[in-house]
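[1] Quick one, structure for this:
(one chain, ligands or ions: 1)
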Amino acid sequence: MTIYRGTFLDTPDNPFTGGRLRAEADHGLRVLQGFIVERAPYQELVRTHPEDEVVDLSEGLVLPGFVDTHVHFPQVRAIGGLGMPLLDWLEKCALPEEARLADDAYAASVAADFVDGLARAGTTTALVFGSHFPGAVDALFTEAARVGLRVTSGLVLSDRILREDLLTTTDRAFNEGLDLAKRWHGVGRNRYAVTPRFSLSCTAPLLESAGALQAEIDGLWFTSHINENQEEVDVVRQLFGCDYATSYDNAGLLGRRSVLAHNVHPTVGELRMLGASGTAVAHCPTSNAALGSGSFPLGLHLQHGVRVALGSDVGAGTGFSLFKEGLQAYFMQQLMGKERGGHRLEVRHLLHLATSAGAEALGMDDCIGDLSVGKEFDALWLRPPFGCTLDVALRHADTPEDALAKAFALAGPADVGGTWVGGDRVPTGT
Ligand SMILES: [Zn+2]
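    Now for the predicted structure:
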């Protein structure tokens, strides 16, 4: 048995429906075989369990591990391509790098950088856009299993518009996806997601084959992009003769195991469809701002009962840290306000969007997302270097809530002192 001592903050109840931020200083979590079995003031826990090992995390804050619901594995080395809208950025920045993952050795080195980047940022669970190449998807799952993160991912599919070396066929996509899903879905912490790139680069038969694959094996996930950029949205409407959400719905791809990234430009009809089907949306605010895609109407999503969580969207997003995504979401919603479809956020919302909302969107809220008894111990320890501005701010915070607001304002991967998944400390830089 291990007792973790620290200041713990989490959101066991959804703040968008009245849940509060739970913040408890000098508390203890007692962990057995990866699960939290007891939660109490630290002094009380050590008095009743003097034989337990103690891990002292009392400098700084302990949060649930971050859940990134949209991040591209092949794009870690493409971060920072500023100054372009989506379609130019893809052509000039992202896709040339993605094509390099045809080489298995190159893909393995990218997988190592990618998984390490997630862990260093405090991300313990991620829905990952894989690669167009099966060997590279194998490399990602292999590395995630080695390090111990919870990864849901799959083979990325396209059969038009993109460069030739990234295209597939309907039959090949199905067969390669089936092989990968059989090899990885439900193995350790890995799960498989059918991953058509976006309707722009997928014909209706390819989307239908993705829907067929999702139906083929129990519990597979579906992820893709939707309504990111107005030019892209217009082309999809011309290609399919319907709105973006309907292009996926027609292939049977919307439901409670579906997560679509962006949705910056939805119609009311699409919001209704996403809400009714239980499809979740990954909001990626630094990417939306960096590509000039637009302002995410969070308020409209909430009004229509659409579940929303955060995604970093690396490499259009500007890094792995969900502290930064939370801050950018905060900025964006502050500027939009209710009148423009926004929803002004408080710090409890930011923590929820980065943790428990992601766990819920990925159907994992029964085991992760907060630090309640019965959940697995997935956590990040925020412990900034001594003397840096965040360290000064935390030492002078009035309350744990105030400290958390300072964390979202100032923290990055360099301030994460450790990450745990299922009670195991995640190695970094190995
Ligand atoms: Zn993306």
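
[2] from here on, contacts and neighbour counts on C-alpha atoms
    Noted.

[3] what's the weakest-modelled helix or strand in the chain?
    The weakest-scoring helix or strand in the chain, judged by mean pLDDT, DSSP states H and E, is helix 86-89 (a mean of 88).

[4] residues of that helix that come out buried?
    Of the residues in helix 86-89, Leu86, Trp89 count as buried by neighbour count, 16 or more other CA atoms under 10 Å.

[5] what's next to that helix, contact-wise?
    Contacts to helix 86-89, defined as CA atoms under 8 Å, 6 or more residues apart in numbering, come from residues Gly81, Asn229, Glu232, Leu291, Ser293.

[6] quick one, phi/psi of the spatially most central residue of the chain?
    For the chain, the residue nearest the mean C-alpha position is Asp68 (1.5 Å; CA atoms, centre = their mean). Main-chain dihedrals, Asp68, degrees, to the nearest 10: phi -100, psi 110.

[7] what's the answer for Leu29, then?
    Here is the backbone geometry of Leu29 (degrees, to the nearest 10): phi -120, psi 130.

[8] Tally up the residues packed near it, please.
    Look at Leu29: counted by other CA atoms under 10 Å, it has 26 neighbours.

[9] Please give me every residue in contact with it.
    By CA under 8 Å, 6+ apart, the residues touching Leu29 are Ile3, Tyr4, Arg5, Ile36, Val37, Glu38, Arg39, Ala40, Tyr42.

[10] Which strands and helices lie in contact with the helix or strand where Leu140 lies?
    Secondary structure assigned from DSSP states H and E places Leu140 in helix 134-147. Applying 3 or more CA pairs under 8 Å, 6 or more residues apart in numbering; DSSP states H and E, one finds that helix 134-147 contacts helix 104-120, strand 150-154, helix 170-184, strand 190-196.

[11] Centre of the chain to it, how far?
    Helix 134-147 sits 17 Å away from the centroid of its parent chain (CA atoms, centre = their mean, to the nearest Å).

[12] How about the secondary structure of Leu82?
    When classified by DSSP: H, G, I helix; E, B strand; the rest coil, Leu82 comes out as coil.

[13] How about Val259?
    Assigned with three-state DSSP, Val259 falls in the strand class.

[14] May I have the residues that are in contact with it?
    Counting by CA under 8 Å, 6+ apart, Val259 has contacts Thr69, Phe222, Thr223, Ser224, Thr279, Ala280, Val281, Ala282, Ala361, Leu362.

[15] just these now: which is nearest Pro384?
    Relative to Pro384, the closest of these is Thr69; by CA to CA it sits at 25.1 Å.

[16] From the structure, what's the count of residues near the closest one?
    33.

[17] which residues does it contact?
    Neighbour list for Thr69: Ala126, Leu127, Val128, Val259, Ala282, Ala309, Leu310, Gly311, Ser312, Gly358, Ala361, Leu362 [criterion: CA under 8 Å, 6+ apart].

[18] I'd like to know which of the residues you listed is nearest to Asp13.
    Using CA to CA, Gly358 comes nearest to Asp13 of the contacts of Thr69, at 13.2 Å.

[19] Who are the contact partners of that closest one?
    Shown in contact with Gly358 (CA under 8 Å, 6+ apart): Val67, Asp68, Thr69, Val308, Ala309, Leu310, Gly369.

[20] continuing past the one helix or strand it maps to, what's the next helix or strand?
    In this assignment (DSSP H and E), Gly358 forms part of helix 356-361. Sequence order places strand 379-382 as the next helix or strand after helix 356-361, per DSSP H and E.
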